[in-house]
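K.L.:
pasting the sequence and the predicted coordinates here, then a few questions.
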Amino acid sequence: MSTEQFGGRLATRWFFVYRISVDSTNNKKDKLLVILGPTASGKSALAVDLAVEFAGEVISADSRQVYRGLDIGAGKVTEDEMRGVMHHLLDVADLADTFTVADFKSLATSAIGNISEQGKLPILAGGTGFYIQAVVDDLKLPEVPPDETLRLELDTYPTIDLVELLRTIDPDRASNIDDQNRPRLIRAIEIAKALGKVPPLEINSPYDLLQIGIYVPQPELFKKIHNRLLARVKVGLIEEVKNLKDAGITSARLEALGLEYRYISQYLDGRFSKDTMLAELEQAIRQYAKRQMSWFKRDNRIRWITEPEQSYPLVRKFLSQ
């Protein structure tokens, strides 16, 4: 085993520590490190740093990075940014398909098992709170078939009424959903209605778990969101959406993908000026970041940090136990 494979001498040492802890007993739970936080907080970069340091592989927990063709707008890490670290659950679905949280849970759980069997540390990193909790707490996800009659009825509702209806019957889901995404709102209502009531979420992880959350004060986070949006536009974000439309991806599908894809699609359809589009998109991203934090704050297992360096002693202690 070369030190280059795992990012240096320290990573090699931690590989052996973790390998021994996995092999020493068959009764131990697999270790799982989770790096989470709001958009633009630096999750991807920290996950790579920790993977290099502690011989890990990264599993993306992002509802849009699973799709091929969503690169700049979804914030997908580039090959250079990966720094040789294996990443999972990127580019696993076509835009023509609907990729569900159940699909994500199945693939992520399999990836965690495979990474652990190799003696490496699985690192689940992202900002899609429901995807993370589905894996971390092994949520039993209901298989609710489409209800076309209900969908036709709900499709006549203004979006604001869909939000209020979902908030009434499933306030937890409403707190973390994109409140402009009509297909997701309708599907969430469909599931909640089919269940009759929302089952309580059990906090009982099947993993030996460490969740690290990146906290960024709101003024600083909003500045990061602003700068990142301008940087993405500069490197071709608008062109990415135009290419998707030229390839036959419909405006309705782009709307359903939310945020960058929704607003830029509307701009390309002539509904906004560029300046108005960027201003409204930035505000929507800010609101999304607030919803993410509202979701994460419910989980008192998360260890919050304000600087990336604070994560290293937490992970060292976690791996030594």
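P.N.:
Noted; the coordinates are in hand.
K.L.:
quick one, what contacts residue 266?
P.N.:
Applying CB atoms under 8 Å, 6 or more residues apart in numbering to residue 266 gives the contacts 251, 255, 272, 277. Bear in mind the C-beta positions are built from the backbone N, C-alpha and C, glycine included.
K.L.:
for residue 242, same thing?
P.N.:
The contact partners of residue 242, taken as CB under 8 Å, 6+ apart, are residue 268.
K.L.:
that's a strand at it, yeah?
P.N.:
No: read with DSSP: H, G, I helix; E, B strand; the rest coil, residue 242 is helix and lies in no strand.
K.L.:
can you pull the pLDDT of it?
P.N.:
Among the per-residue scores, residue 242 shows a pLDDT of 98.
K.L.:
what of residue 20?
P.N.:
pLDDT recorded at residue 20 is 37.
K.L.:
okay, residue 283: pLDDT?
P.N.:
97.
K.L.:
same thing with residue 198?
P.N.:
On the pLDDT scale, residue 198 is placed at 53.
K.L.:
those strands in this protein, which residues are they?
P.N.:
Here the chain has its strands, by DSSP state E, at 31-36, 56-61, 87-88, 121-126, 208-214, 303-305.
K.L.:
which one, of those strands, ends up nearest to residue 143?
P.N.:
Smallest distance to residue 143 across the strands of the chain (CB to CB): 21.7 Å, for strand 56-61.
K.L.:
now do the domain split for the protein, please.
P.N.:
For the chain, automatic domain parsing gives the domain ranges 143-198, 219-290.
K.L.:
could the strands of the chain go into TSV alongside distance to residue 283?
P.N.:
Putting these into TSV (distance: least, CB to CB, whole Å) gives the following:
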stretch	distance to residue 283
strand 31-36	23
strand 56-61	25
strand 87-88	30
strand 121-126	22
strand 208-214	22
strand 303-305	25
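K.L.:
can you redo those strands as TSV with distance to residue 156 and mean pLDDT?
P.N.:
TSV is the format used below for these (distance: least, CB to CB, whole Å; pLDDT from 0 to 100):
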stretch	distance to residue 156	mean pLDDT
strand 31-36	37	98
strand 56-61	34	98
strand 87-88	40	98
strand 121-126	34	98
strand 208-214	40	98
strand 303-305	43	98
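K.L.:
got a list of what residue 318 touches?
P.N.:
Counting by CB under 8 Å, 6+ apart, residue 318 has contacts 31, 33, 210.
K.L.:
who wins for most neighbours among these?
P.N.:
residue 33 (26 neighbours; other CB atoms under 10 Å).
K.L.:
what's the nearest residue to it if we skip its chain neighbours?
P.N.:
Nearest residue to residue 33, sequence neighbours excluded (CB to CB, 6 or more residues apart in numbering): residue 123, at 4.8 Å.
K.L.:
neighbours around residue 226, how many?
P.N.:
The burial count assigned to residue 226 is 15, neighbours taken as other CB under 10 Å.
K.L.:
so it is in contact with residue 281, correct?
P.N.:
No: with contact defined as CB atoms under 8 Å, residue 226 does not count as touching residue 281 (10.7 Å).
K.L.:
related to what we said a few turns ago, and which of the contacts of residue 266 is nearest residue 170?
P.N.:
residue 255 (22.1 Å).
K.L.:
could you check how far the closest one is from residue 35?
P.N.:
From residue 255 over to residue 35 the distance is 30 Å, taken as CB to CB, to the nearest Å.
K.L.:
who's more crowded, those two?
P.N.:
Neighbour count, other CB under 10 Å: between residue 255 and residue 35, residue 35 has more, with 32 against 18.
K.L.:
which residues does the closest residue to the more buried one other than its chain neighbours bridge with?
P.N.:
Leaving aside its sequence neighbours, residue 35 sits nearest to residue 125 (CB to CB, 6+ apart; 4.2 Å). Under the criterion DSSP bridges, residue 125 forms beta bridges with residue 35, residue 60.
K.L.:
which residues of the stretch 1-150 of the chain score low on pLDDT?
P.N.:
Residues of the stretch 1-150 of the chain that meet the criterion pLDDT under 70 lie in 1-27.
K.L.:
same thing but 80
P.N.:
Across the stretch 1-150 of the chain, the ranges flagged by pLDDT under 80 are 1-27, 141-143.
K.L.:
so which of the strands of the chain gets nearest residue 262?
P.N.:
The closest of the strands of the chain to residue 262 is strand 121-126. By CB to CB, the value is 19.7 Å.
K.L.:
residue 33 contacts residue 120, doesn't it?
P.N.:
No: contact criterion CB under 8 Å: residue 33 and residue 120 do not qualify, at 10.9 Å.
K.L.:
so residue 319 makes contact with residue 50?
P.N.:
No: at 10.6 Å, residue 319 and residue 50 do not qualify as touching, with contact defined as CB under 8 Å.
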